[in-house]
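J.: next come a sequence and a model predicted from it.
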Amino acid sequence: MQVSGRRALAGMGAVLVSAVTLRAQPACGSDPGYGALDFWLGDWNVYADDRLDGTNHIEKILDGCAVVENWSDAGGSHGKSLFFYNRFTKAWKQVWIPEGGPVKEKLRVADPAPGAVRFQGRVTVGPAATVLDRTTLTPLPDHRVRQVIEISRDEGKTWRVGFDAVYVPADAGGPGPATGPPRRDRAFWRQIVENGYKVPAGESADALVMEVTDGLGSSDPERRDDFGYSIPAAWIYRQRVVSEPVRRALLKKLGTNLTAGLGETGSDTIFLRSFSALDLSILAALDAVQPFLDDAEFAGLLSAALAYLAGEKDLRAFDPKRGWMHATAHTADLLKFLGRNARLTPADQARVLDAVAAKLRDAGQVFGHGENERLAAAVQSLVLRADFDAAAFERFLADLARPGEHLWDKGPLVDEPRYAATQNAKDLLRSLYVALAPRPATPGIDQARAAILATLGKMA
């Protein structure tokens, strides 16, 4: 097809203008938006569950305008991702192409925590079948990175972890804990447990307790329970070898953890929140007998505990492979020790009782793994106080009884959430009465026991 000279010149001008425009764009390196993945650049050995799962080479290309991932797994399979940033829309995109698997396209979404980066997209996994797929990259100390890949089959209501690994620089050592500075391996922490929790020679309990609590978010029950909880319990409360400044630093760290992913259900973020609440109970137990928190810190811890009890929506208790989650029980332990503290006021007692009643009422399920018994222990700590607020306790009992009123008016067609709330309340009150039964008689205890029996009678 012939083109006139004028049209040809016009087209050439457009090309020249376009070229000039491209040359006029600022270099990618001058825009900080292009640096979001800089912490991930380099050559990595990738460990999942302490085993080498593969290697990854992450590099910038095109003068820093894009990032390429070059993955090789331990079985010899490969995959590549292209990450690129649009300076006009301020959006990052990932395109992942593996050998033999589904192509994934994801956009950067809201970052789950400061410094972390998350990409999420919809992936086709079969004829007319899709899932949500998200990848979270979190920088760790010692120039390491944690990568978690999760999928959701219910539009983001729950998430299941498919890949959880630690990136270690290729010239460094082994993996270490999946959620923290992996300077010590599993054998190191296991030896501490087997040696009766003695602080290893030449080591600092202060440094080690901060390090071991970095594993509270691990899906490995040994790292959470045997190391992340048991070691701090021994050193902070029983042996008391952790210094006050470090206890305060731990208070801040664990308190921040309570809000990480709060409101999610079905994801592994539950481990970090729940076990941070459990470790905070160690600090609360110590402060009740050997005060070290100032009034503001105590008040802040109480408020954080109550907010977490109300805000935690993931009520799973136990997983046969990954162990305990048990957020309600762990928060009850924290409230139990706070309830023993001399600084707790009558107004604080009412706040605790209101929070417990709300949890039983709003859970939407009957607790079946001892949660009601643990919550009863928290309430008992209030009943045993010299300044026990009997009036607040009576209001608490009335709140517990209310969901059961007229519950059976329609015969077997009961309102299920109200039934669950009533059953939880009964279980708690029975546990509380049994716990108070052997206690020496005092006016407060006698009044509480009588009121509990009366309330149970109304709920029968």
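T.: Arrived safely, thanks for sending. Since the model is a prediction, treat every value here as computed from it, not as a measurement. Residues are numbered from 1 along each chain as shown.

J.: surely Asp133 forms part of a helix?
T.: No - counting by DSSP: H, G, I helix; E, B strand; the rest coil, Asp133 is not part of a helix but strand.

J.: leaving out chain neighbours, which residue sits closest to it?
T.: Excluding its sequence neighbours, the residue lying closest to Asp133 (Cβ to Cβ, 6 or more residues apart in numbering) is Val123, at 4.5 Å. In this view, the C-beta of every residue, glycine as well, is placed from N, C-alpha and C.

J.: tell me the contacts of that neighbour?
T.: When the contact criterion is Cβ atoms under 8 Å, 6 or more residues apart in numbering, the partners of Val123 are 102, 104, 130-133, 151.

J.: contacts for stretch 302-319, please.
T.: Residues outside stretch 302-319 that contact it (Cβ under 8 Å, 6+ apart) are 255, 258-259, 262-267, 270, 273-274, 277, 280, 324-329, 331, 334-335, 338, 344, 348, 351-352, 355-356, 358-359, 363, 365, 367-369, 371.

J.: show me where the protein has its helices.
T.: Ranges of helices within the chain are 5-24, 186-194, 205-212, 221, 230-232, 244-257, 269-289, 295-311, 327-339, 346-362, 371-383, 390-401, 416-436, 443-459, based on DSSP state H.

J.: make CSV out of those helices and add distance to Arg160.
T.: Shown next, in CSV, are the helices of the chain (distance: least, Cβ to Cβ, whole Å):
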stretch, distance to Arg160
helix 5-24, 44
helix 186-194, 25
helix 205-212, 27
helix 221, 17
helix 230-232, 28
helix 244-257, 22
helix 269-289, 12
helix 295-311, 22
helix 327-339, 18
helix 346-362, 25
helix 371-383, 23
helix 390-401, 35
helix 416-436, 25
helix 443-459, 38
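
J.: of those, which is nearest Ser77?
T.: Of all those, helix 186-194 sits nearest to Ser77, with 27.3 Å by Cβ to Cβ.

J.: point out where this structure drops to low pLDDT.
T.: For the chain, the stretches with pLDDT under 70 are 1-26, 172-183.

J.: domains in it, by residue range?
T.: 32-169, 186-459 (automatic domain parsing).

J.: among those, which is the most enclosed?
T.: Compared across those, domain 186-459 shows the largest average neighbour count, a mean of 18 (mean count of other Cβ atoms under 10 Å).

J.: can you give the distance from that one to the centre of its chain?
T.: Distance of domain 186-459 from its chain centroid, counting by Cα atoms, centre = their mean, to the nearest Å, is 16 Å.

J.: ok, back up a step: okay, and the beta partners of the residue nearest to Asp133?
T.: The partner list for Val123 in beta bridges (DSSP bridges) reads Val131.

J.: can you give me the distance of it to Lys104?
T.: 5 Å (Cβ to Cβ, to the nearest Å).

J.: repeat for Lys157
T.: 21 Å.

J.: sorry, back to before: between Val123 and Lys104, which contacts overlap?
T.: Asp133.

J.: give the contact list for Val103.
T.: By Cβ under 8 Å, 6+ apart, the neighbours of Val103 are 95-97.

J.: for these, which one is nearest Thr138?
T.: The closest of the contacts of Val103, once distances to Thr138 are taken by Cβ to Cβ, is Trp96, at 18.5 Å.

J.: need the contact list for the residue nearest to Leu335 when sequence neighbours are not counted.
T.: Closest residue to Leu335 apart from its sequence neighbours, by Cβ to Cβ, 6+ apart: Ala378 at 4.0 Å. The contact partners of Ala378, taken as Cβ under 8 Å, 6+ apart, are 332-333, 335-336, 339, 352, 356.

J.: let me know the closest of those residues to Leu137.
T.: Asp333 (33.0 Å).

J.: about what we covered before: and the gap between the residue nearest to Asp133 and Tyr85?
T.: 21 Å.

J.: over to Arg322?
T.: 36 Å.

J.: again, but for Leu453
T.: Computed as Cβ to Cβ, the Leu453 to Tyr85 distance reads 66 Å.

J.: just give the closest residue to Leu309, not the sequence neighbours.
T.: Closest residue to Leu309 apart from its sequence neighbours, by Cβ to Cβ, 6+ apart: Thr331 at 4.7 Å.

J.: I'd say the one you found and Asp279 touch.
T.: No - the criterion here is Cβ atoms under 8 Å, and Thr331 misses it with Asp279 at 11.9 Å.
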